[in-house]
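1. model this:
(chains A, B and C)
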Amino acid sequence: MMNRWHVLKRVMPLLVGMVLLLSGCGRADLSTLRPQGPVAEEQFGLMKLTITIMVVVVLIVFAIAVYVIVRYRRRPGDKSIPVQVEGNHKLEIIWTVIPIVLLIILGVPTVKSVFGLAKDYTHDPKAIQVHVTAHQYWWEFEYPNLGVKTAQELIIPNDAVISVEAKTADVLHSFWIPSLAGKTDTNPGGNVNTMYFEAPKTGVYLGKCAELCGPSHSLMDFKVKVVDRASFDRWVAAMKNPVQLPDDQQVADLLNKQCLSCHAIGDKGVQLYPNLTGIGSRQAVAGILVNTDDPKYKNEGSVEDNLKRWIKDPQAVKPGTQMPKVDLTDDQIDAIAKYLAGLKLEY
Amino acid sequence: MSGHAHVDGKLPHEPEKATLEGRNKVLGFWLFLGGETVLFGTLFSAFLALRHQVGDGNPTANELFELPTVALATFILLTSSLTSVFAIQSMHTNKVKSMLWWLVITVIFGLAFLGLEIYEFNNYVHEGHKFSTSAFSSSFYTLVGFHGAHVLFGVLWISILIAQVLKKGLNVVTAPKIYVAGMYWHFIDVVWVFIFTVVYLMGKVG
Amino acid sequence: MAHGHKVKRYSGLKDWLTTVDHKKIGILYLLSGGFFFLVGGLEALLIRIQLWKPLNDFVAAHTFNELLTMHGTTMIFLAAMPMIFALMNAIVPLQIGARDVAFPFVNAIGFWTFFAGGVLLNVSWFAGGAPDAGWTAYAPLSTATYSSTHGLDYYVIGLQIAGIGTLVGGINFLATIINMRAPGMSFMRMPMFTWTAFITSALILFAFPALTVGLVAMMFDRVFSANFFEPTNGGNAVLWEHIFWIFGHPEVYILILPAFGVISEVISTFSRKRLFGYSSMVFATVLIGFLGFMVWAHHMFTTGLGPVANALFSIATMLIAVPTGIKIFNWLFTMWGGSIRFTTANLFAVGFVPTFVMGGVTGVMLAAAPADFQYHDSYFVVAHFHYVIVGGLILGLFSGLFYWWPKMFGRMLNETLGKIFFWLFFIGFHLTFFVQHFLGLMGMPRRVWTYLDGLGFNNLNLISTIGAMTMGLGTIVFLINIVVTSAKPRNASNDPWEDGRTLEWTIPSPAPEYNFAQTPLVRGYDAFWKEKMEGKTEMVPAEPLGPIHMPSPSSLPLFMSIGLFIAGLGFMYAKGDYGTGAWAWILHHHIVAIFGLAITLTCMFLRSVFDDHGFHIETDEILRDKGVKA
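-> Residues are numbered from 1 along each chain as shown, chains lettered A, B, ... in the order given. Down below sits the predicted model:
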């Protein structure tokens, strides 16, 4: 018995260590263990502090446990009666006081950080204000001071504080950018949650919905694209540029009738569902069909292919989505996908 | 030990605590009232959280509540609490007849209270304050209605006990039941005091 | 004394349906809780199969949400709670030297309402869809607007009915422990398991009514168009979160405290040593119970309660680590200097200690609100609470089952199969859940139906699924063990582990109907051990041998719960389009619901009006039970 215990105790961490080594600490654009901005950094710092303290505690308990199990196991035929110890005040005080001390070490930075992260930037003119509205199963990003509204892809500059005000249009969701900022729930009604973060490094980061919100909860991804200031300004301007409808009048009519009754492209259409301005230059279609010229996985493809796949059967991609299967022939879908894939923003 | 040990003999001073079963019943009921306190506490919290959510065009608490009616109901219910005390006192002095009369009066007061409450709810509904009108109305009817349902249950319960005592007499089996029903009735009164304050008085002031 | 009453005793199925004997009710709880444990486990396996590879489509997305909801709900309310009640029923009266619980009849009501609620909840699978909003049923996803099937109706009504059973069970054990202790059994001489049962019952009493109100409010929202949680009409979705967690956090301690009690008993017995620091153990238990009510909002750090609330709840939560730590070290030092025997029961207990510590420390990590902005609703949380509930409660329950099995059934479970079961379950458990910490930290949210390829989640999810299969395999070994054991003769002695310390080991296995032929006189903590150390083999009786009064069996509890079951269905299906026939009229006018409630109220009326005189077990029958010794 003893050997098995011993072996298990020794082998388990090794196995686990190997697994972790193999998988690293996760992707830099997704993992909380590889923070890419000061807010996530601060949270990671607190995580490291707690993990360190806790690993020490666990090791002490494990060490005592292993020692006791090995040292005091009953030998066969042992009929002796051990001393019936009632307790030991000194020991009991020690293991009451030490945890309290550890908790103070942990509690002080926690409280400091709680208040630090609750700082309100919603009236800071230098911060980029973003109103996040969660929908089943997509994200709407509005920049109230810039007069721009987009969906699924949050574009932000790398030199400013991003101040988020989050709410929901339907059920609870939770707005989470693991590598940048932690999360905040999106509540219904007038109950708006705020959060801020900074992203000094340009690049694309993955965002997720963290609160069960229906069948496609797991597919409610979004992206955060961090660009430099000049490029951000260009993007804002490009978002406001007038948009050219397809040259082919038939396709244009189709688009007006079947797409723009719910969606907006630039100055055209309705803002009920995800804004499609510049959809051709986004990272993904419907949040989860990743756009790439070198598809490796089931959910990857070129922009145009992804658009076709999505329009053809939205329920197959995102169960429960409100995007209907629009009455279009394959040729019509191809034409619309081709047009949408060509809607690229230069920035 | 057994529940009928004292049936033939003279009743002790506190017949409800004469047997282990009786003591268990009284203790268990105290515990139950502890749970009931949490139940009403949660209902009060929900009401407090939602009481300003009246909605556009619906009557507010201030417009709805008719304090004179509610004050009368309060007076009736508090008096019934007193009569239930008299009933228990009579039980302790082994005056079965007077105990029964006090219980009957308690039941009558309870019925009067229920009548007023039904009248009041009926008025509210006519003024457009229905159960599903707003968060305020839902939480109001749930809280006050839960209390009303407790009063109704108490009235039925005490009535059945009156019938039982008439049939079986007062003994160590029936005495704990009466005692526990008395506790229940006091509890309902205490809850009502809070409802009167939190729902009606606070509703009137804003 | 007149003993003229007819002795009413049934046998066979009728006996089980009408029993008010706490030991039989304990077995009923165990059977049904065990059944629901298997159902919940099956749901867990389906969840893990779906997640074994990225973009899997083994089950559909909405089915997955039903599975995860029913897995959580079933495991907490229909498996863990009843199995705790099984042990409490089987053991607590024996440990305090009582002949029965304070309210045997209410005890039966507790079981049957739990059972009716549990069955009702699971009927949803066959009635158009199970609940799918998570076991937490957060509004508005759980409101009629976003959940149009009857699934959530089954949830709110099934749990209300099951909750009644739990609540009366809690009251029953409080009254039992306060009023029914044998002479000399003072509070500070009570075995640790009884203490934890006591505190757990108190927590049930103060936590479950809050859940009931929440469920009633949600039921009113769904069935009668109320607006508690419906934001469009002024309702408040966050209010549900508060109500749910004001119940939900104490619920965690309701679950874990009895496991603490079991571990204390088992470790002490198999170390042949008195529990180290008994009074600080009692103190820690009470403190955990108390603090359990002060920390609910740590489930809501990301809800937006503001920094003051978050800071306060962070600190309060961290404080719970102190009494928990006291317990851990007390267990270790109970073993220290002892003579430890590794039976299956003790393997589970010893395995519990480090496992629970791991669950505990991740709890402290989660308490740091800013870090929780990252952990919250990720797989890290899934790992944490499974370490606490499976690594804590379930290991504790299995330990207790192996330990008390002979006392409940008169047969010892097979130790070899038991140890195989332990190792499969223990290793499978760590495989399943240890890696989930890292999945969460690497950005995998919880309750996801699937995950994309290339995110680095694949290997760890595969390991987790393999672990779950291993646990399933272990459980099968346990079932085989039960079957094998039940075929063996009933030959367990009074004190089959030979190192028993408490009163339950002074009476035959299984205990006779009346438990103690003579109520024992308790002369100290570890009452039986004390007598043993003075060279005695029996307790000193506190009363002469005499006839024992027993409560009569009754079918009313069964019918009361059937009434509630029917009423529940009636409320659920009152709304809906059934045309214009008689059936539609009956449903729309709540006739079914009224009929069901009428059954229940009639049963209550009958119980009140017809006195239960019970019956007596005569001295010669008791002597016959005692056999030669008399």
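
2. can the longest helix along chain B be said to contact chain C?
-> Assignment by DSSP state H gives helix B:135-168 as the longest helix of chain B. Yes: looking at helix B:135-168 against chain C by CB under 8 Å from any CB of the partner chain, the contacts come from B:Ala135, B:Phe136, B:Ser137, B:Ser138, B:Ser139, B:Thr142, B:Trp157, B:Ile160, B:Leu161, B:Gln164, B:Lys168. Heads up, the C-betas are built off the backbone N, CA and C, glycines and all.

3. so the third one sits right up against B:His129, yeah?
-> Yes: the pair formed by B:Ser137 and B:His129 meets the contact definition of CB atoms under 8 Å, at 5.3 Å.

4. neighbour count: the two, which is higher?
-> Legend: neighbour count by other CB atoms under 10 Å in any protein chain shown for B:Ser137 and B:His129, higher for B:Ser137 (28 against 22).

5. ranges for the strands of the stretch 1-150 of chain A?
-> A:128-135, A:138-143, A:148-151 (DSSP state E, counting those that start in this stretch).

6. for the longest one, buried residues please.
-> What that stands for is strand A:128-135. A:Ile128, A:Gln129, A:Val130, A:His131, A:Val132, A:Thr133, A:Ala134, A:His135 (16 or more other CB atoms under 10 Å in any protein chain shown).

7. one more: stretch A:57-72?
-> Here stretch A:57-72 shows A:Val57, A:Val58, A:Ile60, A:Val61, A:Phe62, A:Ile64, A:Ala65, A:Val66, A:Val68, A:Ile69, A:Tyr72 as buried, counting by 16+ other CB under 10 Å.

8. and those, which of them are in helices?
-> Per DSSP H, the buried residues of stretch A:57-72 map to helices at A:Val57, A:Val58, A:Ile60, A:Val61, A:Phe62, A:Ile64, A:Ala65, A:Val66, A:Val68, A:Ile69.

9. contacting residues for A:Thr292?
-> A:Glu300, A:Gly301, A:Ser302 (CB atoms under 8 Å, 6 or more residues apart in numbering or on different chains).

10. closest one of the residues you listed to C:Ser279?
-> When those are ranked by distance to C:Ser279 (CB to CB), A:Glu300 comes first, at 63.2 Å.

11. now that closest one: phi and psi?
-> In terms of degrees, to the nearest 10, the main-chain angles of A:Glu300 are phi -120, psi 160.

12. so which helix or strand takes in the nearest residue to it once chain neighbours are set aside?
-> Using CB to CB, 6 or more residues apart in numbering or on different chains and skipping residues adjacent in sequence, the residue nearest A:Glu300 is A:Val290, 4.7 Å away. Element membership for A:Val290, per DSSP states H and E: strand A:289-291.

13. by contact count, what packs against that strand?
-> strand A:284-285, strand A:300-301, helix A:303-312 (3 or more CB pairs under 8 Å, 6 or more residues apart in numbering or on different chains; DSSP states H and E).

14. most tightly surrounded among those?
-> With neighbours defined as mean count of other CB atoms under 10 Å in any protein chain shown, those peak in mean count at strand A:284-285, which reaches a mean of 26.

15. for that strand, what is the distance to the chain centroid?
-> Distance of strand A:284-285 from the chain centroid (CA atoms, centre = their mean, to the nearest Å) equals 16 Å.

16. contact partners of that strand?
-> A:Gln152, A:Glu153, A:Asp221, A:Lys223, A:Ile279, A:Val290, A:Asn291, A:Val303, A:Asn306, A:Leu307, A:Arg309, A:Trp310.
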